[in-house]
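> A structural model of the following input is requested.
(chains A, B and C)
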Amino acid sequence: MSEEEIRNILEAALLAAGRPLTLPELAQLFDESQRPTAPVLHAALAQLDAQYASRALELKQTASGYRLQVRARYGSVIARLWPERPQRYSRALLETLALIAYRQPITRAEIEAVRGVTVNPNIIKTLLERQWIRVVGHRELPGRPELLGTTREFLDYFGLRSLADLPTLAELRALEPLEPQELRLQLPAADDGEAAEGGAESARAPGGDALVAASSDPAL
Amino acid sequence: MSEEEIRNILEAALLAAGRPLTLPELAQLFDESQRPTAPVLHAALAQLDAQYASRALELKQTASGYRLQVRARYGSVIARLWPERPQRYSRALLETLALIAYRQPITRAEIEAVRGVTVNPNIIKTLLERQWIRVVGHRELPGRPELLGTTREFLDYFGLRSLADLPTLAELRALEPLEPQELRLQLPAADDGEAAEGGAESARAPGGDALVAASSDPAL
Amino acid sequence: MKPDLKVVVSNPAPSPVPAAPGHAEAQPEQVEMPFAILNGEPITALPRDLYIPPQALEIFLEAFEGPLDLLLYLIRRQNVDILDIPIAEITRQYMQYIELMQELQLELAGEYLVMAATLAEIKSRMLLPRPAEAGDEEQDPRAELVRRLQEYERFKRAAADLDQLPRLERDVWIASVQRLERPLTRALPQVTLQEMLIAFKEVAVRAALFAHHHVQREALSVRERMSNVLAALHQDAFVPFMQLFRFDEGRAGLTVTFIAILELVREGLIEVLQAEPYGPLHVRAASAPPTLQLVTDQPAPEGGADT
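So this is what the prediction gives:
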């Protein structure tokens, strides 16, 4: 069997498997009578990798074996194949954020008291990183727990002039529950920018009106 | 952007996607400012395929777009990676599938009329589950029987770009008057080629036309 | 009914080898042992005195996809053109199979019996004297059967062709490589105001906030201002009371700030201190257990407290 054929078979197997293959697995591809020795296989793999030198591919040896992968340099180009599905924040995060907005300044313990469950520290971290909340002080209790409040960025993001633009609890009662899933279906990824803009605009209207508009929104 | 770089990006994308990619999808890989035109992309794909000539890879265009695949010649070698034998399909299933593919849209009763036996419901179920066929409508007859047709997955699975790529159907031949012996002697064997050609030509007609012809066939 | 048959010259390929029923290779696994017998002549000749294992016959007979398939097999075995079926002979052989199946008590699909009747009918019509203009294919009693056989055969062929097409994961494999980690820059999740409000509504319902609290719009701006005031106070440092007010906010804003400060005092979050009577007020974040030193009737600047 020619060196080229050995390379072809190895390449075919690695590409068809789509997972790392060990040297024994690669050796199993050949009939026993013409099975290349380990050094021959190693050499063939090295040649294969050399062939990829000017290409977007590379051969990589990992703990689980050999695998072909796209060079990191092409990663960002390839990433376009998977248009970023907008991530979603959890219900817990939204509730925490809403509680901080409505009941600020508020400590984590107080949030937990209302929600009835512990608040995952990652939620606070995410909200701080997003600069939607900030630590505005400490409650003088054992442990001096942080008091959390919302930020200017929070208001900007949601298109509010001030927290007073948020609906009161009484007004909230009128809100229909909505399924986040449904909402996502209505907002295709490509439209995100627009959707966010639209949302901000309607929210910029005086609180009450915005909510009326929101609940008559077909997206709800 | 160099031709080589375009090829590299296309190759990387096709390999990373692991599914067929359409020409527009491939074009999306490039920044708008340096996006190759369709002819340039076509040329790059052709060059890519040419590069694979002596390798185990090939570029294939199917219904859903372009995909890179391991050549059938290496299939038996690659199959060693998967100990389970690929699924085999019964003649009954394949005949049913063939009738749906060539005669779509077609009802179960019409399939039965050609095959001369009832169609096992499990066969239709299997074909539906494999997403090779789908219900495309109903015939306005008592009971509104379902009209079945093939899917894009069917074409992809069998490596076809369109129904027109299906192997040509054998021609029907006329029943000769009695005393056939005599008549047949008068037909020179040389005509055979012509007959075959004619048949191939008519079947090579674009899928749509072929289908119209098929469904208006009084044989049904 | 006039069969819609194209006149095509000659027969492209009557296969020289009598085709084994239904592409024998299509079902090798189930039938390996007994089927070997079937590829040869012994069974097809059907000598009554030759012992054939009933299981073998059964498998052989079950290999047919129906009466049309069985007929095609018989015709091919005779090595005759489908257009020139020796109807009497084929009928005789067909009946033998049917009888055999009945003898073996195979479950015989009704279609087999219908075909038997059809064959018998064609055979009898073949024996009838035919009109002068015989030769017209319409008059050939076999025409309909031939059409059906051809139609079935072409799809039998098409099925075999389909089976031969390079198929994914049997013959060809999609080439793929593993993707590297996703790029670091990720789009941040988008949240709509409605989503957040709904979340709050639900938590409020759960916590029965509706029942015990009355959050007014005014109160919301107060709470916001509470955060702002708190954030403006540095640890342990005194901030002049007046510095917490922004006079460009007008009377309403000043009021809100003042209420916020009162609320902060009430919650023990800040201390308001006065060094001497009528001296300037200073505010700082609460450090020790809060001591309430605020003189509550202290008028707010510009009389903002008269709400």
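
> which residues in the chain form strands?
With no chain named, the answer covers chain A. Ranges of strands within chain A are A:57-62, A:65-70, A:133-138, A:146-150, based on DSSP state E.

> my question was about chain C
Across chain C, reading from the start of the chain, the strands by DSSP E fall at C:173-174, C:239-240, C:270-274, C:281-285.

> output the contacting helices and strands for the third one.
Put plainly, it is strand C:270-274. Counting by 3 or more Cβ pairs under 8 Å, 6 or more residues apart in numbering or on different chains; DSSP states H and E, the packing neighbours recorded for strand C:270-274 are helix C:250-266, strand C:281-285. All C-beta spots, glycine's among them, are computed from the backbone N, C-alpha and C.

> again with the second one
Under the contact criterion of 3+ Cβ pairs under 8 Å, 6+ apart, the helices and strands touching strand C:239-240 comprise strand C:281-285.

> hang on, the earlier thing: just the strands of chain C: most buried one?
Comparing the strands of chain C on average neighbours per residue, with mean count of other Cβ atoms under 10 Å in any protein chain shown, the densest one is strand C:173-174 at a mean of 24.

> and the closest residue to A:Phe158 other than its chain neighbours, what pLDDT?
With sequence-adjacent residues excluded and distances taken as Cβ to Cβ, 6 or more residues apart in numbering or on different chains, A:Phe158 is closest to C:Leu193, at 4.7 Å. We note a pLDDT of 79 for C:Leu193 in this prediction.

> what is the neighbour count of the nearest residue to C:Arg284 once chain neighbours are set aside?
With Cβ to Cβ, 6+ apart as the criterion, C:Arg284 has its nearest non-adjacent residue at 4.9 Å, and that residue is C:Phe238. Other residues within reach of C:Phe238 by the criterion other Cβ atoms under 10 Å in any protein chain shown amount to 17.

> residue contacts, A:Leu29?
Applying Cβ atoms under 8 Å, 6 or more residues apart in numbering or on different chains, we find A:Leu29 in contact with A:Ile9, A:Leu10, A:Ala13, B:Val77, B:Ile78, B:Arg80, B:Leu81.

> check which helices and strands the biggest helix by length in chain C sits against.
Using DSSP state H to define each element, chain C has its longest helix at helix C:143-164. Counting contacts by 3+ Cβ pairs under 8 Å, 6+ apart, the secondary-structure elements packed against helix C:143-164 are helix B:91-103, helix B:108-115, helix C:67-78, helix C:110-127.

> out of those, indicate the one that is most buried.
Mean neighbour counts were compared across the helices and strands packed on helix C:143-164 using mean count of other Cβ under 10 Å; the top stretch is helix B:91-103, at a mean of 24.

> what's the mean pLDDT across it?
Mean pLDDT, helix B:91-103: 96.

> any idea how many residues pack against the residue of chain A found nearest chain C?
Sorted by distance to chain C under Cβ to the nearest Cβ, the residues of chain A start with A:Gly149, at 2.7 Å. By other Cβ under 10 Å, the residues close to A:Gly149 number 27.

> quick check: it touching C:Ala231?
Yes: in this structure, A:Gly149 sits in contact with C:Ala231. The criterion is Cβ atoms under 8 Å, and the distance is 6.7 Å.

> nearest residue to the spatially most central residue of chain A other than its sequence neighbours?
Among the residues of chain A, the one closest to the centroid is A:Gln87, at 4.7 Å (Cα atoms, centre = their mean). Setting aside the residues directly before and after it, A:Gln87 is nearest to C:Pro189 in space (Cβ to Cβ, 6+ apart), at 4.3 Å.

> then A:Arg73?
Beyond its immediate neighbours in the sequence, the residue positioned closest to A:Arg73 (Cβ to Cβ, 6+ apart) is A:Ala56, lying 7.7 Å away.

> which residues does the one you found contact?
The contact partners of A:Ala56, taken as Cβ under 8 Å, 6+ apart, are A:Val70, A:Arg71, A:Arg73, A:Tyr74, B:Asn8, B:Ile9, B:Glu11, B:Ala12.

> how far away is the first one from B:Ile78?
By that I understand A:Val70. As defined by Cβ to Cβ, to the nearest Å, A:Val70 lies at a distance of 21 Å from B:Ile78.

> now the fifth one
Counting by Cβ to Cβ, the gap between B:Asn8 and B:Ile78 amounts to 25 Å.

> equivalent analysis for A:Pro105, please.
A:Pro105 sits 64 Å away from B:Ile78 when distances are taken as Cβ to Cβ.

> pick out whichever of these two has more residues nearby.
A:Pro105 (29 against 23).

> the more buried one and C:Asn228 touch, don't they?
No: with the criterion set as Cβ under 8 Å, A:Pro105 and C:Asn228 do not qualify as a contacting pair; they are 9.7 Å apart.

> what is in contact with the two at once?
The contact lists of A:Pro105 and C:Asn228 share A:Val136, A:Gly149, where a contact means Cβ under 8 Å, 6+ apart.

> ok, back up a step: among the strands of chain C, which comes closest to C:Ala204?
strand C:270-274 (27.1 Å; Cβ to Cβ).

> what pLDDT does the most far-flung residue of chain A relative to its centre get?
Relative to the centre of chain A, and counting by Cα atoms, centre = their mean, the farthest-placed residue is A:Ser33 at 50.3 Å. Reading off the per-residue confidence, A:Ser33 sits at a pLDDT of 90.

> ditto for A:Thr150
We note a pLDDT of 93 for A:Thr150 in this prediction.

> for chain A, give me its nearest residue in the stretch 101-250 of chain C.
With Cβ to the nearest Cβ, the shortest gap between the stretch 101-250 of chain C and chain A falls at C:Ser227, namely 2.7 Å.

> quick one, what contacts A:Leu127?
Going by Cβ under 8 Å, 6+ apart, A:Leu127 touches A:Leu93, A:Thr96, A:Leu97, A:Ile100, A:Ile133.

> gap between it and C:Leu106?
74 Å.

> low pLDDT regions in chain A?
Counting by pLDDT under 70, chain A contains low-confidence ranges at A:84-86, A:175-220.

> what parts of chain A come near chain B?
Chain A comes close to chain B at residues A:4, A:8-9, A:11-13, A:15-18, A:21, A:25, A:28-30, A:54-57, A:68, A:70-71, A:74, A:77-78, A:80-81, as judged by Cβ under 8 Å from any Cβ of the partner chain.

> I'd say the residue nearest to C:Arg284 and C:Gln274 touch.
No: the pair C:Phe238 and C:Gln274 does not pass the contact test of Cβ under 8 Å, sitting 10.9 Å apart.

> between the two, what contacts are shared?
Between them, C:Phe238 and C:Gln274 have C:His282 as joint contacts when contacts are counted by Cβ under 8 Å, 6+ apart.

> which residues sit in contact with the nearest residue to C:Leu269 once chain neighbours are set aside?
The shortest distance from C:Leu269 to any non-neighbouring residue, by Cβ to Cβ, 6+ apart, is to C:Ala286 (5.6 Å). Shown here is C:Ala286, whose contacts under the criterion Cβ under 8 Å, 6+ apart are A:Glu140, C:Gly268, C:Leu269, C:Ile270, C:Glu271.

> now do A:Arg71
With contact taken as Cβ under 8 Å, 6+ apart, A:Arg71 is in contact with A:Ala56, A:Leu57, A:Glu58, B:Ala12.

> could I get the pLDDT score of C:Asp49?
Per-residue confidence for C:Asp49 comes out at a pLDDT of 48.

> C:Tyr278 now?
The per-residue pLDDT reported for C:Tyr278 equals 73.

> break chain A into its domains for me.
With automatic domain parsing serving as the domain definition, the record reports that chain A contains domains spanning A:3-70, A:88-213.

> the ones you listed: which one's closest to C:Met115?
Between C:Met115 and these, the shortest separation by Cβ to Cβ is 46.6 Å, and it involves domain A:3-70.

> so where do the helices sit in chain A?
With DSSP H as the definition, chain A shows helices at residue ranges A:3-17, A:23-27, A:38-51, A:75-79, A:91-103, A:108-115, A:121-129, A:152-157, A:169-172, A:180-186, A:192-204, A:207-216.
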